[in-house]
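Student: Let's see this in three dimensions:
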Amino acid sequence: MPEVSNAISRNWPGERFGLPESGPRSIARFGPRLGAVAIDWALAYGLSWLLYPNVTADPRNPWLTPVIFGLLEVIFLLFFNGSIGQLLLRMRVVPISGGAMAPWRPVVRTVLLCLGIPALIWDRDQRGLHDRLAGTVLVRV
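Tutor: Prediction:
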């Protein structure tokens with residue numbers, strides 16, 4: 001019986017974008033992504049505690065840590081193409097279309113990331129909904 005080939009076959013995440021299977025510019029995997037978000041949230045929590053030591057005990061400030069997290073994300077994405085955690089774990093956010101990061105992309109990506117759900121919905125290239133809507137991809141450095 002002849003082998004049936006699937007015209008839509010893909011071997012690795014990012015192949016359809018012309019990204020390599022492994023090494024630099026390949027799609028960042030789940031473990032480092034999770035580590036980067038954990039680092040970023042820990043930094044945001046630490047900064048919110050420095051600014052307001054009773055942040056966990058005082059119900060008047062439930063948004064302080066998420067706002068600091070969002071500001072750090074947008075600023076670092078705009079200037080360095082990655083959050084502090086992503087840069088420490090050797091990842092960068094790049095636009096699929098190539099070129100420089102447009103200012104709206106980090107804002108859209110961060111707002112959706114702060115909502116949580118979009119980051120947990122992935123496509124076949126392991127891009128979260130926040131990356132799809134922002135037209136970006138998280139790659140290894």
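
Student: Now for residue 134: which residues touch it?
Tutor: Taking C-beta atoms under 8 Å, 6 or more residues apart in numbering as the definition of contact, the neighbours of residue 134 are 105-106, 108-109, 112. C-betas here are computed from N, CA, C, even on glycine.

Student: Now do the strands in the protein.
Tutor: 91-95, 136-140 (DSSP state E).

Student: By residue count, which helix of this protein is the longest?
Tutor: Of all the segments of type helix in the chain, defined by DSSP state H, the longest one is helix 30-51.

Student: what distance separates stretch 105-117 from the centre of its chain?
Tutor: Centroid separation between stretch 105-117 and its chain, computed with C-alpha atoms, centre = their mean, to the nearest Å, is 9 Å.

Student: Likewise for stretch 14-24?
Tutor: Averaged C-alpha coordinates place stretch 14-24 at 17 Å from its chain's average position (C-alpha atoms, centre = their mean).

Student: can you tell me the distance between the two ends of that stretch?
Tutor: End-to-end distance of stretch 14-24 (C-alpha to C-alpha, to the nearest Å): 12 Å.

Student: related to what we said a few turns ago, could I get the contacts of residue 134 as TSV with neighbour count, pLDDT and distance to residue 18?
Tutor: Compiled in TSV, the contacts of residue 134 are given as follows (neighbours: other C-beta atoms under 10 Å; pLDDT from 0 to 100; distance: C-beta to C-beta, whole Å):
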residue	neighbour count	pLDDT	distance to residue 18
105	22	96	19
106	24	96	23
108	17	95	23
109	26	95	21
112	20	92	25
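
Student: Any buried residues in the helix or strand of the chain with the lowest mean pLDDT, and which?
Tutor: For the chain, using mean pLDDT, DSSP states H and E, the weakest element among its helices and strands is helix 117-120, scoring a mean of 80. For helix 117-120, the buried set under the neighbour-count rule, 16 or more other C-beta atoms under 10 Å, comprises 118-119.

Student: try stretch 18-38
Tutor: Neighbour-count burial for stretch 18-38 [16+ other C-beta under 10 Å]: 19, 25-28, 32-33, 36-37.

Student: Could you list the low-pLDDT ranges of the protein?
Tutor: Along the chain, the parts satisfying pLDDT under 70 run over 1-10, 55-60.
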